[in-house]
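**Q** Could you work out the structure for the sequence below:
(2 chains)
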Amino acid sequence: MRTIAFLAGVLALAGCQPTEPPPAETTETAPMSDEDMIRARTDEFEQAVLNADVKAIGALFVDDADLVDQAGNMHHGRMAIEERYQKLFDGPYKGAQGNLEIASVRFVRPDIAVIDGTYELTGLKSAEGQDLPAVKGMFTNVSVKQNGQWMLHCSRPMLPMKAPGT
Amino acid sequence: MGDKIMKALAITCLVTLTGAVSSAQETTAEQAIDALAQKYSDAWKAGDAAGCASIYSDDADLIDFMGMSAKGKAAIQESITQTLGTYPGSSIQIARSGIHPVSADVVVSDGTWEITGAKAPEGAPTKGFYTVVVAKQGDNWQIVSNRTKVPPAMN
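**A** Coordinates of the predicted model:
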């Protein structure tokens, strides 16, 4: 009986004790994974294309980056890549809408990734101002993590060849 | 004054050595890539899909000019077997046009390919471009990623 009373007292005391304050809400978020960072960079690229902002596009590439376009032309260095996009924005990409979808991110090394995906461009115009059909293509990028940032090293967009008869 | 000259000489030697080392590394990667291309061409001519696939790493991937992908050496070998069946008795010429070091042991290399000596089926391309990511695995360089493309104007 005495034991029960003692236990009841302990429990009562425990119940009277001020409760632990809830842990302070933290505003810190978990660090982004490398894949999430790469996907975020791709979103930045997509937005820069939508804004026709060649400097923002160039800022995603390392100085020595290169791009081989759909026709096989090499554009070497950030400036050449910016010039290539400026020509597109002054021409067929003017007012165009586009979106990029990443299909896979593969880490060849912890700080080197091969990124594959697809892109679609709509609202393209010919030099004469006529509407052009939407373009659906694929891209492969090689990105490198430098100073905590994923930067584009190589970009290889391509238009898949249609099967004969299609 | 003597100290300054010695320091200048030391810096010059260091710069020279650094240049020599990076040049040597680049040459090694270039030689390795050219050797892989030759091995691939030889195997192609022999109709040897396994030989062609041997230049890839086990976890390599390939996306061809039609956008079809093959993941892993076995799938790549299967893809090459089908391609060899499309171009029986042919040869393939691979010409490297550029090399872009990404790190000391990973490079991106671009070039062109052309298939000759076979009557290709109508609509089948006979030339195009490629981009490979080549990585050093132990002492060997292997292709970890290959992307081929055929620009509309090429065929």
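
**Q** What is the burial count for residue 50?
**A** Here I'm looking at chain A. 12 (other CB atoms under 10 Å in any protein chain shown). Every residue, glycine included, has its C-beta placed from N, CA and C.

**Q** switch to chain B, that's the one I care about
**A** With neighbours defined by other CB under 10 Å, the count for B:A50 comes to 12.

**Q** ok, now which ones touch it?
**A** With contact taken as CB atoms under 8 Å, 6 or more residues apart in numbering or on different chains, B:A50 is in contact with B:A43, B:Q77.

**Q** quick one: low-confidence parts of the chain?
**A** In the absence of a named chain, this looks at chain A. Scanning chain A for pLDDT under 70 picks out A:1-27, A:163-166.

**Q** that's the other chain; I wanted chain B
**A** Scanning chain B for pLDDT under 70 picks out the ranges B:1-27, B:154-155.

**Q** Share the number of residues neighbouring the residue in it positioned nearest to chain A, please.
**A** Nearest residue of chain B to chain A: B:G123, at 2.8 Å (CB to the nearest CB). B:G123 sits with 12 neighbouring residues when counted by other CB under 10 Å.

**Q** can you check A:H153 too?
**A** 23.

**Q** how about it, phi and psi?
**A** Dihedral pair for A:H153: phi -100, psi -40, per degrees, to the nearest 10.

**Q** What segments of chain A are helices?
**A** A:2-16, A:34-50, A:54-58, A:78-90 (DSSP state H).

**Q** Return the most buried member of these.
**A** Ranked by mean neighbour count, the helices of chain A are led by helix A:54-58 with a mean of 18 (mean count of other CB atoms under 10 Å in any protein chain shown).

**Q** Just the CA coordinates for that helix, please, in CSV.
**A** Output of helix A:54-58 as CSV, limited to C-alpha atoms (Å, rounded to 0.1, in the frame of the first residue of the first chain):
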residue,chain,number,x,y,z
VAL,A,54,22.7,35.1,-72.4
LYS,A,55,24.8,36.3,-69.5
ALA,A,56,22.8,34.2,-67.1
ILE,A,57,23.3,31.2,-69.4
GLY,A,58,27.0,31.9,-69.7
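
**Q** residues in contact with B:I55?
**A** B:L36, B:K39, B:Y40, B:Q142, B:I143.

**Q** ok, the second one - contacts?
**A** Going back to what we said before, that points to B:K39. Residues near B:K39 by CB under 8 Å, 6+ apart: B:G51, B:S54, B:I55.

**Q** Only alpha carbons, please: show the helix or strand where B:A50 lies as CSV.
**A** Using DSSP states H and E, B:A50 falls within helix B:49-53. Output in CSV follows, covering the C-alpha atoms of helix B:49-53 (Å, rounded to 0.1, in the frame of the first residue of the first chain):
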residue,chain,number,x,y,z
ALA,B,49,30.6,-7.0,-81.1
ALA,B,50,32.2,-8.2,-77.9
GLY,B,51,35.5,-6.6,-79.0
CYS,B,52,33.7,-3.4,-79.8
ALA,B,53,32.0,-3.4,-76.4
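
**Q** Can you name the element that comes right after that helix?
**A** Following helix B:49-53 toward the C-terminus (DSSP H and E): strand B:56-63.

**Q** does any bit of that next one sit next to chain A?
**A** Yes - contact of strand B:56-63 with chain A (CB under 8 Å from any CB of the partner chain) involves B:D61, B:I63.

**Q** ok, that strand: who's next to it in the sheet?
**A** When pairs are called by DSSP bridges, strand B:56-63 turns out to pair with strand B:69-71 (antiparallel), strand B:140-149 (parallel).

**Q** re earlier: so which of the helices of chain A gets nearest chain B?
**A** The nearest among those, by CB to the nearest CB, is helix A:78-90 at 13.2 Å.

**Q** how far out from the middle of the chain is that closest one?
**A** 20 Å (CA atoms, centre = their mean, to the nearest Å).

**Q** now do stretch B:68-77
**A** In terms of CA atoms, centre = their mean, the centre of stretch B:68-77 is set 16 Å apart from its chain centre.

**Q** contact partners of that stretch?
**A** Here stretch B:68-77 makes contact (CB under 8 Å, 6+ apart) with A:116, B:49-50, B:52-53, B:56-64, B:78-79.

**Q** can I get the CA coordinates of that stretch in PDB?
**A** This file holds the C-alpha atoms of stretch B:68-77, laid out as PDB (Å, rounded to 0.1, in the frame of the first residue of the first chain):
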ATOM      1  CA  MET B  68      17.800   4.800 -78.000                       C
ATOM      2  CA  SER B  69      19.800   4.100 -74.900                       C
ATOM      3  CA  ALA B  70      21.700   1.100 -73.700                       C
ATOM      4  CA  LYS B  71      22.900   0.800 -70.100                       C
ATOM      5  CA  GLY B  72      25.800  -1.400 -69.200                       C
ATOM      6  CA  LYS B  73      28.400  -3.300 -71.300                       C
ATOM      7  CA  ALA B  74      26.100  -6.200 -72.000                       C
ATOM      8  CA  ALA B  75      23.300  -4.000 -73.400                       C
ATOM      9  CA  ILE B  76      25.800  -2.000 -75.400                       C
ATOM     10  CA  GLN B  77      27.200  -5.200 -76.900                       C
END
